[in-house]
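In: Quick one, fold the following:
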Amino acid sequence: MLIKHTSSTFEMEKESTPFNVELFNLKRVIMSKNIIVIGSCNTDMVIKADRLPVPGETVMGGSFMMNPGGKGANQAVAAARLKGNVHFIAKTGNDLFGKRSIEQYEDEGIHVEHIYSDPVLPSGVALIMVDVNGENSITVASGANGSLSPKDIEAAHSIIEKGDILLMQLEIPIETVEYAAKIAKEKGNKVILNPAPARALSADLLKNLYMIIPNETEAEILSGIKVINWESARRAADIISAKGVDIVVITLGSKGALIKEKDQYHEVPVPKVKAVDTTAAGDTFCGALCVALSEDMDVFNAVKFANKCASITVTRMGAQSSLPYRKEIDYL
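Out: Sure, this is the predicted structure:
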């Protein structure tokens, strides 16, 4: 069953009675659920230029900035800024980049008790090129992210068990992702995977997922279907869903996102904005979606909220520097 939604669905209905914002926020804090994010943390070194270079070419005239990044950290910060109760499990190097990253996560209100330090490997870094249209090219040196192990996850076993939602990506070892998913699934928690960077996934991992959030490229790798429009996204979602994932959400960039939940499909458009940098838009989407689910929104409204948050991110440069705060979202 296909249910289409026009852009007008982003306009939230105003209640006829006065809305008490302070009371709403107080209830949100009291009723907040634990969002556990397991993933990478990097320092992003970003150059913005007129265009991306081809192999062997040097493009002059760019501007440089250095920001905290990494898909796991981006998603944790995104969720925290949107008022999620976030615990971050990660590994840094014993260096300036790692120590500074942890300080920044604490400043965002993220629980950092289970961020470990590798005594040998450096903290992860990413080199990011961005063109005038906001498209980017990224190379990552994983460093300590690659040593986040199942043993580290076991050390954080108690907090994972207490979580309500577990969000992960694939910039850490796959065996670590699989082990954490198994623990969380056994406790009845919602395990959500953003399968990025794209790669094949085991049947054991897929069956432990509540939701998977691939983009077009990742959906093609998981399904064998080249995703270019809503129709091909539905076919890809069918194949991924058949592997045992309850809910499939395929992000389609400026088009929006497709939801497959049981036998229903929802095409959820994204607000139209002028993009200057698409870095971390997908991470914003994932973090926002988890916050919405933690507040007991249904999947459609959670995706609608996530689209709106991501549409703000693409209007700004950088990764974590572009992530929106809850007060910026016209959610009420």
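In: Show me what Val37 bridges to in the sheet.
Out: With DSSP bridges as the criterion, Val37 is bridged to Phe88, Leu167.
In: Ok, Glu267 next?
Out: Glu267 has these beta-bridge partners by DSSP bridges: Lys4, Leu258.
In: Test my guess that it contacts Leu258.
Out: Yes: between Glu267 and Leu258 a contact is recorded at 5.9 Å, counting by C-beta atoms under 8 Å. Every C-beta, even on glycine, is put in place using the N, C-alpha and C of the backbone.
In: any residues in contact with both of those two?
Out: Listed as contacting both Glu267 and Leu258 by C-beta atoms under 8 Å, 6 or more residues apart in numbering are Trp230.
In: Looking at the two, which one has more neighbours?
Out: Leu258 (26 against 18; other C-beta atoms under 10 Å).
In: I'd say the more buried one and Glu231 touch.
Out: No: Leu258 is beyond contact range of Glu231, at 9.8 Å (criterion: C-beta under 8 Å).
In: Not counting sequence-adjacent ones, nearest residue to Pro271?
Out: Spatially, and ignoring its direct neighbours in sequence, Pro271 is nearest to Ser311 (4.4 Å; C-beta to C-beta, 6 or more residues apart in numbering).
In: Correct me if wrong: the one you found contacts Val268.
Out: No: look at Ser311 against Val268 with C-beta under 8 Å: they stay out of range, at 11.8 Å.
In: Helices along this structure, start to end?
Out: Ranges of helices within the chain are 21-30, 71-81, 96-107, 150-155, 157-162, 174-186, 203-207, 216-223, 230-241, 281-294, 299-313, based on DSSP state H.
In: State the mean pLDDT of the first one.
Out: Per-region confidence: helix 21-30 scores 48 on mean pLDDT.
In: Now do the end-to-end distance for stretch 39-56.
Out: Stretch 39-56 has an end-to-end distance of 32 Å (criterion: C-alpha to C-alpha, to the nearest Å).
In: quick one, which of Ser311 and Val268 is more surrounded?
Out: Per other C-beta under 10 Å, whichever of Ser311 and Val268 has more neighbours is Val268, with 26 against 22.
In: thought that one was touching Asn307?
Out: Yes: Val268 is within contact range of Asn307, at 6.0 Å (criterion: C-beta under 8 Å).
In: hey, what's in contact with both of these two?
Out: 256-257.
In: Before I go, just wanted to say thanks for your time.
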